[in-house]
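Colleague: sequence? don't have it. structure:
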């Protein structure tokens, strides 16, 4: 510990001394034999959980176990979009709380998460989509969240480069606009939470894969890892993508299928796309990174998979959407594509809850919503672990909601994970 | 690209098929209790490894197939045609 605070002054001081005085950002401790809480998964969610356990609940004897390196899973594989345009009770206030935490995150962590509230346009292409966008916007405004329904001409003044011609396959009729939405630097989120948690005494242990659970009767009393058995009073899973795989080792079957979702980056160009654009006609979203590459994505590949790579049909499908919506990028080259593994739940919404196994807590089922949820997910999961009951913001994101019939089905697709 | 060897049409690209999910589940009888229906509708084994799953050759012969596919390598080792659609 003893890491210095980042400031303009520290940057200036280091600039004068050749940047030789920077300390390492978090420690690399050996695992202790026992912790109060072990969080499995060193992505944004797990690290945020550890940070808020220490900050909000005074629980500092915490370890985060990561099988690879921090943020090497879905935290480093998403398209970095943050927003809170959710309509179904249970999601709406949760995601808005997350956006509020994003707004103060860099200051709170003393680490630049590069939160950029550039605004998001959700384009509307049919009269039915217009009605749905109006309804969604009204729900958001009734809940105190910013939303504005824009006409075709208003959209045109903001993003004049879309295809507004008579030949457009799906005409742009308008958009639902959230000005406070935007992007954040995904790696910095993992690193910022890691540094801030480490400062509060949390042990961050990389290259430590959890292989199974230590049990005492029904209860989970620790984890078996590639670095030996580590005991804990409570174990929290934050391993979205692999939740089913790990929960199975604790004897749990989940309302989850693992699917892969691809993302793409074009070659870098000068500033062109100043906002986040989402398009429901063809499920497509795009923004531009600070390095200049266009970052975009679309649908899931559509079948169960744990392979972190995508297949050609979706590459073609997403490229067609990009060219149809923004004809001027037709000659840009795609330079990289990859896939992340999504926990797709039966209603498209996440789970933050206790499990039927004593001592085991679950944070997963993030579907498409994981990155934007990072701060609130950690906030609520820490509360659930510390107090043994959910926070008001995750009171509906329960494990047993499918059994009780109280789904949170934002897209209205029913128990068909590939379609959420 | 997955190549699925349809027993009726031969090797075809996955774009011609519609995914039908886990084929190991058995539909409970109509008068089964709620727990059996909850299990059938919502819970999945979701294995990391070999997975037996339904695919329909929707843009071909329209037959439902049972496909044994690896969820990490995507290798397909067995494809059979179902006699009763998604009931096997």
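Modeller: It's in. Everything numeric in this text was worked out from a predicted model, so none of it was measured.
Colleague: would you list the phi and psi of the closest residue to chain A within chain B?
Modeller: Chain A sits closest to residue B:46 of chain B, with a gap of 3.8 Å, by C-beta to the nearest C-beta. Any C-beta I mention is one placed from the backbone N, CA and C, and that applies to glycine too. Backbone torsions of residue B:46, given as degrees, to the nearest 10, read phi 50, psi 50.
Colleague: okay, now it: neighbour count?
Modeller: If you count neighbours by other C-beta atoms under 10 Å in any protein chain shown, residue B:46 ends up with 26.
Colleague: which ones are touching it?
Modeller: Residue B:46 makes contacts with A:244-245, A:248, A:254, A:256-258, A:304, B:22, as judged by C-beta atoms under 8 Å, 6 or more residues apart in numbering or on different chains.
Colleague: how about the residues of chain B near chain A?
Modeller: Contacts of chain B with chain A, taken as C-beta under 8 Å from any C-beta of the partner chain, map to B:1-2, B:13-15, B:19, B:21-22, B:38-39, B:41-46, B:48, B:51, B:53, B:69, B:71-74.
Colleague: how about 6 Å then?
Modeller: B:1, B:15, B:19, B:38, B:41-44, B:46, B:48, B:51, B:71-72 (C-beta under 6 Å from any C-beta of the partner chain).
Colleague: most neighbours of all those, which one?
Modeller: If you count neighbours using other C-beta under 10 Å, the busiest of the residues of chain B next to chain A is residue B:46, which has 26 neighbours.
Colleague: middle-most residue in chain B, spatially?
Modeller: Closest residue to the average C-alpha location of chain B: residue B:54 at 1.2 Å, with C-alpha atoms, centre = their mean.
Colleague: from residue A:54, how far off is that one?
Modeller: Using C-beta to C-beta, to the nearest Å, we find residue B:54 at a distance of 47 Å from residue A:54.
Colleague: am I right that the residue nearest to the centre of chain B is in contact with residue B:20?
Modeller: Yes - Residue B:54 is in contact with residue B:20 according to C-beta atoms under 6 Å; the separation is 2.9 Å.
Colleague: what do those two both touch?
Modeller: Contact criterion C-beta atoms under 6 Å, 6 or more residues apart in numbering or on different chains; residues shared by residue B:54 and residue B:20: residue B:86.
Colleague: run through chain A and note the low-pLDDT ranges.
Modeller: A:1-3 (pLDDT under 70).
Colleague: quick check: closest non-adjacent residue to residue B:26.
Modeller: residue B:40 (7.4 Å; C-beta to C-beta, 6 or more residues apart in numbering or on different chains).
Colleague: wait, the one you found sits on residue B:28?
Modeller: Yes - shown here, residue B:40 and residue B:28 form a contact pair, counting by C-beta under 6 Å, at 5.5 Å.
Colleague: shared neighbours, these two?
Modeller: By C-beta under 6 Å, 6+ apart, no residue touches both residue B:40 and residue B:28.
Colleague: mind listing what the residue nearest in space to the middle of chain A touches?
Modeller: Residue closest to the average C-alpha location in chain A (C-alpha atoms, centre = their mean): residue A:371, at 1.4 Å. By C-beta under 6 Å, 6+ apart, the contact set of residue A:371 is residue A:78.
Colleague: try residue A:133
Modeller: Counting by C-beta under 6 Å, 6+ apart, residue A:133 makes contact with A:124, A:176.
Colleague: next, it: secondary structure please.
Modeller: Secondary structure for residue A:133, judged by DSSP: H, G, I helix; E, B strand; the rest coil, is helix.
Colleague: repeat that for residue B:41.
Modeller: Classification of residue B:41 using three-state DSSP returns helix.
Colleague: my read: it touches residue A:415, true?
Modeller: Yes - if you go by C-beta under 6 Å, residue B:41 and residue A:415 touch, sitting 5.4 Å apart.
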